[in-house]
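1. Fold the following for me, if possible:
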Amino acid sequence: MKKYFYFLSFLFLLISCTEDVKFNNPAFQTLKNNVFWRSQAYKAHFGTNGILVIEGSLGYEKIILQTASSSEQTFILGVNDVSKATYKNTLPAESASFSTGTNKGSGQIVITDYDTDASTISGTFKFTAVNDDESNIENPKVNFTEGVFYKIPIEGNVPEM
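-> Numbers count the residues shown, from 1 in each chain. So this is what the prediction gives:
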């Protein structure tokens, strides 16, 4: 009788073990001031002159990454207003806007894969953005590290390369 009990217990243990694998494909996530931040919505599109805009949002928060092109390379932030990063929080109690630009903030956006067939974009980013409200001395900047965007679908017309 003990053998049957052990056998049934072992069988139940094997059957109850499952792996709940969850894939993050596509994904847009980062560490915001060392706290994990994952977007619920994401998209990418081309603006004027071939500028690529990648957006990720979580509730009232939005990160906008802008690069001069979709080519696989590193775009340095804080040099000009073409390649830049912006973070906005539109919650009325916490409304704030941070950005990089010419001699403002720092960081980089790295395009690692531009799939023209599937019309998706992948890469990494990190940046420190300065508060657009310079009088806000309580919250002068926001820091994003270990940022990843993976297979973000590009909407609209893709410019010819």
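2. Pull out the buried positions in the helix or strand Y150 falls within.
-> Assigned by DSSP states H and E, Y150 belongs to strand 141-155. Buried residues in strand 141-155, defined by neighbour count with 16 or more other Cβ atoms under 10 Å: 142-144, 147, 149-152, 154. (Glycine included, C-beta is placed from N, CA and C.)
3. quick one: which two of these are the most distant?
-> In the buried residues of strand 141-155, the most distant members under the criterion Cβ to Cβ are N143 and I154, with 27.5 Å between them.
4. circling back: got the buried residues of strand 141-155 as CSV, with distance to L31 and pLDDT columns?
-> Listed next are the buried residues of strand 141-155 as CSV, based on distance: Cβ to Cβ, whole Å; pLDDT from 0 to 100:
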residue, distance to L31, pLDDT
V142, 11, 94
N143, 8, 95
F144, 7, 96
G147, 8, 95
F149, 14, 95
Y150, 16, 95
K151, 20, 94
I152, 18, 94
I154, 25, 92
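5. Let me see the ranges of the strands in the chain.
-> With strands called from DSSP state E, the chain shows them at 27-32, 35-38, 41-46, 52-58, 61-67, 74-77, 84-89, 96-99, 106-115, 120-131, 141-155.
6. Centre-most residue in this structure?
-> For the chain, F28 is the residue whose C-alpha lies nearest the centre (Cα atoms, centre = their mean; 3.3 Å).
7. what's in contact with stretch 89-96?
-> 59-62, 88, 97, 131-133, 136, 139 (Cβ atoms under 8 Å, 6 or more residues apart in numbering).
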